[in-house]
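Q: What follows is a predicted protein model with its sequence.
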Amino acid sequence: IEEALELNPQVIASGCPFCMTMLSDGVKLKDKEQEVKVLDIAIKADSTNLFLVAGQLKLFYRLDDHKGVLKRGQQLIDGKFLNAVYLNMTARSHIFFENYDKALEILAMIKDDDATEFTYSLQSTAYTKQNKFSDALVAIENAIRVSTSESIVSYYRNKGIVLTSLKKPDLALKTYNTAL
């Protein structure tokens, strides 16, 4: 960024969403935001390039920019670019905005073979928020079944919460003990 700023530009352009972030951060760090604009020419030039849209979605996801995720996620869905990772990210943002039906609709687009523990955990969260505890229980049990991560402890905790909501305290206690 220092070399670019030595040229006293009014605009710095990039075609890469990750580079955009670094360039924008560099301009901000050098306190040049008023003099220099950072533009994303690739996305503006071809917003139908779903690979670029997917890159943007991942960037917005990492930044917890749920509105950005939803916009790019919908573009990918409209373009039939139905990758399970991107669908999970989009569903998570819908859950953030309490759009549980839309989140579940998006998660239903994921083929069983591509569903992950994150997919099932998101389903369980959406169902729990809707007080659909039987459906939440099935989803969290699926998350536990396919889990390969340390998150399994939180899945057991969530299962205990769901079982408590279903008025099954004995099973909930057994589940909590399994988590320990």
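A: All right, it came through fine. Numbering: from 1, shown residues only.

Q: which residues of this structure fall in strands?
A: 11-14, 37-40 (DSSP state E).

Q: can I get the CA coordinates of the last one in PDB?
A: Going back to what we said before, that points to strand 37-40. Backbone C-alpha positions of strand 37-40 (Å, rounded to 0.1, in the frame of the first residue of the first chain) are rendered in PDB as follows:
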ATOM      1  CA  LYS A  37     -10.900   5.500  -2.700                       C
ATOM      2  CA  VAL A  38     -10.500   1.700  -3.000                       C
ATOM      3  CA  LEU A  39     -12.800   0.200  -5.600                       C
ATOM      4  CA  ASP A  40     -13.600  -3.400  -6.500                       C
END
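
Q: Check which helices and strands it sits against.
A: Judged by 3 or more C-beta pairs under 8 Å, 6 or more residues apart in numbering; DSSP states H and E, the packing partners of strand 37-40 are strand 11-14, helix 17-29. Using the backbone N, CA and C atoms, a C-beta is placed for each residue, glycine as well.

Q: who touches it?
A: 10-15, 17, 20, 23-24, 27 (C-beta atoms under 8 Å, 6 or more residues apart in numbering).

Q: gap between it and the chain center?
A: Strand 37-40 sits 25 Å away from the centroid of its parent chain (C-alpha atoms, centre = their mean, to the nearest Å).

Q: Next, the buried residues of that strand.
A: By neighbour count, and taking 16 or more other C-beta atoms under 10 Å as the criterion, the buried residues in strand 37-40 are 38, 40.
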